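1. Can you look at this prediction? I've put the sequence above it.
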Amino acid sequence: MDKQELEASVLDLLADICDDDAVREERDVDLFDAGLLDSMAAIELLVAIEDRFGVEIAPTAVKREEMNTVNKIIEQIGKRL
Amino acid sequence: MRFLEMIERRACEFPEAVAQRTSTGSQLTYGELWHASGALAQELVRRNASRTDGGHAPVLVYGHKSPLMLVGMLACMRSGHPYVPVDAHSVPDERAASIARQLGEPIVLAAESLPAAVAVSPEGVLSAADIRAVAERPADAPNPAWQIAGEDLCYILFTSGSTGAPKGVEVTANCFDNFCGWDVELAGPVATLGAVWIDQAPFSFDLSVFELAGALATSGTLFSLEHDTQQDMEALLASLAESGAAVWVSTPSFADLCLVNAGFSQEMMPNLRLFLFCGETLANSTAAHLLERFPRARVLNTYGPTESTVAVTAVEITPQLAAAPEPLPVGSPRPGTRLRIVDAAGSDAEAGRPGEVVIEGDTVAHGYYGRDDLTRAAFGTASSAVPGAVSPARSYRTGDEGWLDESGTLHYHGRLDLQVKLNGFRIELGEIEEQLRRLPGVDAAAVTTRERDGKVSHLVAHVVYSGPRAEGESDFRLGLALKEQLKPVLPHYMVPKKIAFLNALPRTGNGKVDRRALKAL
């Protein structure tokens, strides 16, 4: 999977979990502050990332501030692919 | 009050036994709890004496999971004052202020510093330092005659109200004691050896009374998970592992959060014998996973609104029930409770047919604080004597829809109105809509739910907005700005995830907001 495919795929996933297509453009908004992710949704996201990309990120392995924006989430997955 | 007698006995026989441990290392023994709450009870009586109305002022107990909260709540019971628990982390400042206003002139025990928005006269407030100073005073035991008893109010718990302000449910000493007796029975032999109980829900959520009453009435230990611990998965798992807990009380959502970690299992919590769930629908899959991971533990599902004191039905979820395609039942009523299923006219529905659940019994609350109108609409006296009831039996129309099977087990269908449960939190959509409408520029608002796997996953607000917009401001950015304005007045779980903007709200033929159409958007 190249970088563009990854991005597109993560954006689809986040638009679904955040229930808002605007996150495709707003990639540096803090998703927790914006009320788009909470601890339940974050867990859902990690499970979906594992299903879709085969990348396992344990909930204990990342701090909230390492996965609180769209760009950081893409980066975290990219690092592990 | 029998609950207090149990604590006193433990405090006298084994003062060193631990009543509460917190995940960040605070500890309170039964001896300390009994002495400190007694000294504080004396102080409350002294302060109340200067009041002109002669009544027992409600005491707003503000804080989180600290021992001071426990001491404060118990001091209220021992001095005849109803306590009003307000959790510093889950209740935003403006909402705490609204609660204080409804209480008139409450005495405040501020285990954590009180937000400036809560406008009460400073002489009515005891800070954490004040409480500690009082608690360490050598003091005679308070007069046992001061204790709350019978139909005295024990606590007033504020829940979401559909008209924009929270409403206070008045739970009496009888209700508390009667619930406590059943709680201990439910835990059974697990609780006879001074077991450790997981304490997760904020004290302003009555689910917490399950462990508070259960643990302290059985000489057990509350293991309180503090806010910071609950925010950090690694710290949370470490705390659970070292808790030594035998009894687990939480919403199913909290268990789901833990289940994502493969290590959450009987190996991690070898003493765990019982899961008690309340507050929202327990999914079959959650129960099945827990039974698999914790082969030595039982899973109990329970049901009950705050207005009937924590819970009134229970059922053990067996692997067979969990594996069945049908949703899990919520259980059969406790002794002293009768369930009726009624139709829209209030007549008993045909056997096996769904209808509104009416709860009758000796744990049904007294009513809503200062709201006779709301009380009259939902509460009444029981239709006839309730078998097993040991104190006056009242009735409460829940607004829940359900049906009873041949064995008398209740099956829950959902709500008849706009109340929803999100991660166990009880939410009146009308309260959110009212707060949205109060924002400048908002002309109309309706809030709907989105579901995932049969459960509410989040809230969506549909807003008609005619206020100013910054140049080029997108709907997304405007939505963020509105959400920021909701944060001071609503708990975080009531702030909608998404705000969608419309030119007008769709209406049904009779002029009501067409919620079905909104959900389909």
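-> Happy to help now that I have it. Numbers count the residues shown, from 1 in each chain, chains lettered A, B, ... in the order given.

2. How about the residue of chain B at minimum distance from chain A, nearest residue that isn't a chain neighbour?
-> At 3.5 Å from chain A, B:Phe476 is the closest residue in chain B, using C-beta to the nearest C-beta. All C-beta spots, glycine's among them, are computed from the backbone N, C-alpha and C. Take B:Phe476 and drop its neighbours on the chain: the residue closest to it by C-beta to C-beta, 6 or more residues apart in numbering or on different chains is A:Ala22, 3.5 Å away.

3. Now for that neighbour: which residues touch it?
-> Contacts of A:Ala22 were listed using C-beta atoms under 8 Å, 6 or more residues apart in numbering or on different chains, and they are B:Ser474, B:Asp475, B:Phe476.

4. If I follow the layout properly, the second one ends up in contact with B:Phe501?
-> Yes: the pair B:Asp475 and B:Phe501 passes the contact test of C-beta atoms under 8 Å, sitting 5.1 Å apart.

5. Can you pull the residues of chain B lying near chain A?
-> B:231, B:233-234, B:237, B:253, B:256-257, B:260-261, B:423, B:450, B:457-458, B:460, B:474-477, B:480, B:483, B:492-493, B:495-498 (C-beta under 8 Å from any C-beta of the partner chain).

6. Now a PyMOL select for only the buried ones of those residues.
-> For the buried members of the residues of chain B next to chain A, the matching PyMOL selection, counting by 16 or more other C-beta atoms under 10 Å in any protein chain shown, is:
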select buried, chain B and resi 233+237+253+256+257+260+261+423+457+458+460+475+476+480+483+493+495+496+497+498
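
7. From the residues of chain B next to chain A, which land in strands?
-> For those, membership in strands holds for B:Arg450, B:Ser457, B:His458, B:Val460, B:Lys498, with DSSP state E as the criterion.

8. Now those in JSON lines, please, with extra columns for pLDDT.
-> Supplementary listing: those in JSON lines, determined by pLDDT from 0 to 100:
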{"residue": "B:Arg450", "pLDDT": "92"}
{"residue": "B:Ser457", "pLDDT": "89"}
{"residue": "B:His458", "pLDDT": "93"}
{"residue": "B:Val460", "pLDDT": "96"}
{"residue": "B:Lys498", "pLDDT": "93"}
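
9. farthest-separated two in the residues you listed?
-> When these are compared pair by pair using C-beta to C-beta, the farthest-apart members prove to be B:Ser457 and B:Lys498, with a separation of 11.2 Å.

10. overlap in contacts of those two?
-> Once C-beta under 8 Å, 6+ apart is applied, it turns out that B:Ser457 and B:Lys498 contact no residue in common.

11. name the element the spatially most central residue of chain A belongs to?
-> Within chain A, one residue has its C-alpha closest to the average C-alpha position: by C-alpha atoms, centre = their mean, that is A:Ile73, at 4.1 Å. With elements delineated by DSSP states H and E, A:Ile73 resides in helix A:70-80, which encompasses its position.

12. so where do the helices sit in chain A?
-> When assigned using DSSP state H, the helices of chain A occupy the ranges A:3-17, A:39-53, A:70-80.

13. How about the stretch 301-450 of chain B?
-> In order along the chain, the stretch 301-450 of chain B carries the following helices (DSSP state H, counting those that start in this stretch): B:319-323, B:372-378, B:429-437.

14. what's the answer for the stretch 51-200 of chain B, then?
-> B:67-79, B:93-102, B:128-136, B:173-187.
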